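Undergrad: Have a look; sequence and predicted model below, questions after that.
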Amino acid sequence: MSIRVYEGPAFGAPADVVSARYGREPLVRVALPDREDVDAMACRWSASHVLVAWQDVPGGPMLQAWVPGEWVQRIDPDAARWRPPAGRDPMPWRDH
């Protein structure tokens, strides 16, 4: 699997990257320049970029890309056109 990087580099060193806790990734809407907007999970981020992951079709392969942070908008799960795979919390900011 390859990860696309838009307007890279996404980070300078691995220590520059922060990860969401597995299963608690926030949902985001991403404005990609070469396709329609996608709803995705924000898995990791640096000072300038966010690693997002999504599926084009339910049960299909997980696609990933590092995108500039200004392309990403956090969304409410009720507004999402895509749902994360089972076991991933669509509302990680809530106190469970």
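TA: Looks like it came in fine.

Undergrad: Distance from the chain centre to stretch 64-82, please.
TA: Chain-centre distance of stretch 64-82: 6 Å, with Cα atoms, centre = their mean, to the nearest Å.

Undergrad: contacts for that stretch?
TA: Residues outside stretch 64-82 that contact it (Cβ atoms under 8 Å, 6 or more residues apart in numbering) are 1, 3-8, 10, 26-32, 38-40, 42-43, 45, 48-55, 83, 90-91. Every C-beta, even on glycine, is put in place using the N, C-alpha and C of the backbone.

Undergrad: three-state assignment of the closest residue to Trp66 other than its chain neighbours?
TA: Leaving aside its sequence neighbours, Trp66 sits nearest to Ala10 (Cβ to Cβ, 6 or more residues apart in numbering; 3.7 Å). Here Ala10 is recorded as coil under DSSP: H, G, I helix; E, B strand; the rest coil.

Undergrad: how much space between Ala10 and Asp78?
TA: In this structure, Ala10 and Asp78 are 30 Å apart, going by Cβ to Cβ, to the nearest Å.

Undergrad: out of those two, which sits in the more crowded spot?
TA: Ala10 (22 against 8; other Cβ atoms under 10 Å).

Undergrad: Which residues are in contact with the more buried one?
TA: Taking Cβ under 8 Å, 6+ apart, we find Ala10 in contact with 46, 48-49, 51, 66.

Undergrad: Could you find which two of those residues are furthest from each other?
TA: Using Cβ to Cβ, those span at most 11.7 Å, a distance reached by Ser48 and Leu51.

Undergrad: isn't Leu32 right up against Ala40?
TA: No: here Leu32 does not reach Ala40: they are 9.7 Å apart, not a contact under Cβ atoms under 8 Å.

Undergrad: the more surrounded of those two?
TA: Ala40 (29 against 15).

Undergrad: any weak-confidence spans in the chain?
TA: Low-confidence segments of the chain (pLDDT under 70): 1, 87-96.

Undergrad: Give me the residue at the spatial middle of this protein.
TA: With distances taken as Cα atoms, centre = their mean, the residue of the chain nearest its centroid is Val52 (2.3 Å).
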